[in-house]
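Chemist: From the sequence below, what's the structure:
(one chain, ligands or ions: 1)
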Amino acid sequence: MVIFAVLVLMNSYPLRSSQQMIFTSKESALKSSLDTMASALSGLSELTEENVAEGLATVEITGVSRAIVTDSSGKILYDTREVGNATGYQVFYTELVQALQGYDAFYTTYKDDAFRSTAAAPIVYRSDIIGAVYVYEYDRSQAELLQNLQKNLLSISVGIGAVVLTVSILLSKLLTVRIEDLLAAIRGVREGSYNHRADVGGHDEIAQIADEFNDLTNRLQVTEDARRRFVSDASHELKTPLATIRLLTDSILQAENMDEDMVREFVMDIGQEAERLSNITEDLLRLTRLDSGLEEEAQAVEAAPIVQRVCHSLRLLATEKHISLEVNIENECTVLATKGELHQVVYNLVENAIKYNHENGFVRVLLSAGADQVYITVEDNGIGIPEEDMSHIFERFYRVDKARSRAAGGTGLGLSIVRDTVRRRGGAVDVRPRAGGGSIFTIRLPKSRKEGGEK
Ligand code: ADP
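Modeler: Numbering: from 1, shown residues only. The predicted model follows:
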């Protein structure tokens with residue numbers, strides 16, 4: 001639109017101003033012709049055909065098509081036109097009437113591909129108007145120049161207009177095609193097919209939006225995959241104990257005269273499976289709560305009593321397996337979390353260290369504090385974790401040895417709960433193998449500043 005406005009301006013302004021310039025040059029040219037004629041007749045007190053012809057005989061009147069001299073009554077005394085010479089006739093041209101009234105007159109028009117200009121001036125003798133001079137010019141050559149200019153400007157404008165129009169259409173097509181590709185990809189993802197990728201090409205903002213969009217869908221895909229895996233793992237985990245319970249109840253119901261000990265054993269097994277189900281659902285609920293971000297506000301929690309309490313409650317389990325459980329409180333310190341959360345994460349790590357240990361093994365729990373962080377380290381010399389499983393053990397339902405985990409009453413969710421809980425509180429958990437066998441888990445949690453940390 002802007003370019004078209006410029007083109008319209010380009011086609012009107014130069015033409016108008018050149019026309020104006022030509023008008024001005026015509027006016028001065030005609031006036032100088034009038035002046036030459038008037039001054040040649042200036043000494044005459046009265047104008048007659050003879051003295052005018054005589055006066056103008058030596059004057060060269062150039063650049064005009066016709067020159068007329070009249071007396072004060074408007075009768076033509078001198079006319080340069082050969083065909084249709086009007087000498088002796090009375091004329092009433094507006095310009096001449098004005099000139100005879102004492103005014104200079106000039107008119108010019110651009111019509112029918114020619115400039116037509118007329119000018120007239122009075123001839124004065126001792127302040128009496130004794131006649132008037134009149135010139136007329138008909139000019140085609142300047143008009144032709146102007147027309148050529150107009151034609152050239154028009155063809156240049158048409159050319160520019162065509163190029164601009166083609167380029168604009170191409171560019172907007174190119175743009176809309178790419179935006180439509182992007183929209184199609186967005187719609188695809190909205191319909192649930194996360195493998196849709198926007199491929200728009202280029203290096204501009206649209207390409208950047210497409211890259212961001214692809215990044216986003218990649219993440220959605222990962223989240224969606226994790227969600228599906230989680231749902232299928234969870235159903236599988238819940239299905240197994242339910243199937244066992246079903247099998248056991250069917251056996252009891254179908255067997256006739258089953259002896260009492262056997263029934264008792266079956267019912268105990270059912271109880272165990274029910275407990276497993278309840279453990280899994282409890283852990284799942286914990287994770288759901290962590291996922292939805294429903295968390296109690298963190299407080300300054302004294303870590304030492306909680307670590308002591310966890311170890312106290314697990315000591316029986318350790319003793320059963322002849323495992324020594326040592327607690328070392330290096331610094332008394334407070335962390336920013338809730339008591340329940342801290343208890344849960346320490347419990348899960350210490351319980352694992354006992355569960356995945358050998359007879360006569362050891363578990364060492366160390367509580368220490370740095371400048372901003374509190375460290376809880378749980379070290380064991382148990383079965384250890386194979387290198388390739390290290391990066392997976394914090395995933396939901398991941399177990400290195402499924403049978404051993406189940407036998408030990410594990411749900412495969414303990415470490416996920418630990419990781420999600422400490423992350424929510426701005427901390428982290430990591431694991432490394434222990435030289436000489438076993439593993440070392442370390443939890444880092446932000447230290448509470450309110451309580452001044454160490455005491
Ligand atoms: P589980 O309920 O099976 O214990 P976790 O999430 O607590 O689930 O742990 C995941 C897996 O990591 C366990 O099944 C086990 O194979 C491994 N693991 C966890 N802690 C230890 C440890 N201290 N020593 C060896 N393996 C461990």
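Chemist: C-alpha coordinates for the helix or strand hosting Leu316, CSV please?
Modeler: Leu316 belongs to helix 303-320 when assigned by DSSP states H and E. C-alpha atoms of helix 303-320 as CSV (Å, rounded to 0.1, in the frame of the first residue of the first chain):
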residue,chain,number,x,y,z
ALA,A,303,17.4,-33.5,61.9
ALA,A,304,19.3,-35.4,64.6
PRO,A,305,16.3,-36.6,66.6
ILE,A,306,14.5,-37.8,63.5
VAL,A,307,17.6,-39.7,62.2
GLN,A,308,17.9,-41.3,65.7
ARG,A,309,14.2,-42.2,65.7
VAL,A,310,14.4,-43.8,62.2
CYS,A,311,17.4,-45.9,63.2
HIS,A,312,15.8,-46.8,66.4
SER,A,313,12.7,-48.2,64.7
LEU,A,314,14.8,-50.1,62.1
ARG,A,315,17.3,-51.5,64.6
LEU,A,316,15.1,-54.6,65.1
LEU,A,317,15.1,-55.4,61.4
ALA,A,318,18.9,-54.9,61.3
THR,A,319,19.4,-57.1,64.3
GLU,A,320,17.3,-59.9,62.7
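Chemist: Against which helices or strands is it packed?
Modeler: When contacts are defined as 3 or more Cβ pairs under 8 Å, 6 or more residues apart in numbering; DSSP states H and E, helix 303-320 sits against strand 324-329, helix 339-355, strand 362-369, strand 373-380. C-beta coordinates here come from the backbone N, C-alpha and C atoms, glycine included.
Chemist: and stretch 27-38, how far from the chain's centre?
Modeler: Averaging C-alpha positions (Cα atoms, centre = their mean, to the nearest Å) puts stretch 27-38 70 Å from its chain's average.
Chemist: Show me which positions of that stretch end up buried.
Modeler: The neighbour-count check on stretch 27-38 (16 or more other Cβ atoms under 10 Å) flags Ala29, Leu30, Ser33, Leu34, Thr36, Met37, Ala38 as buried.
Chemist: Where does the closest residue to the fourth one other than its chain neighbours sit, in terms of helix or strand?
Modeler: Meaning Leu34. Nearest in space to Leu34, with sequence neighbours left out and distances taken as Cβ to Cβ, 6 or more residues apart in numbering, is Ala121 at 4.5 Å. Under the criterion of DSSP H and E, Ala121 resides in strand 114-125.
Chemist: From the contact counts, what lies against the following helix or strand past that strand?
Modeler: Downstream of strand 114-125, the first helix or strand assigned by DSSP H and E is strand 128-139. Contact here means 3+ Cβ pairs under 8 Å, 6+ apart; on that basis strand 128-139 packs against helix 2-40, strand 66-71, helix 94-100, strand 114-125.
Chemist: okay, the last one in PDB with CA atoms only?
Modeler: Presented in PDB, the C-alpha positions along strand 114-125 are these (Å, rounded to 0.1, in the frame of the first residue of the first chain):
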ATOM      1  CA  ALA A 114      -0.300  21.700 -26.200                       C
ATOM      2  CA  PHE A 115       0.500  24.700 -24.100                       C
ATOM      3  CA  ARG A 116      -1.500  27.800 -25.200                       C
ATOM      4  CA  SER A 117      -0.300  31.000 -23.700                       C
ATOM      5  CA  THR A 118      -1.500  34.600 -24.200                       C
ATOM      6  CA  ALA A 119      -0.300  37.800 -22.800                       C
ATOM      7  CA  ALA A 120      -1.200  41.400 -23.300                       C
ATOM      8  CA  ALA A 121       0.100  44.800 -22.100                       C
ATOM      9  CA  PRO A 122      -0.900  48.400 -22.600                       C
ATOM     10  CA  ILE A 123       1.100  50.800 -24.700                       C
ATOM     11  CA  VAL A 124       1.300  54.100 -22.800                       C
ATOM     12  CA  TYR A 125       2.200  57.600 -24.000                       C
END
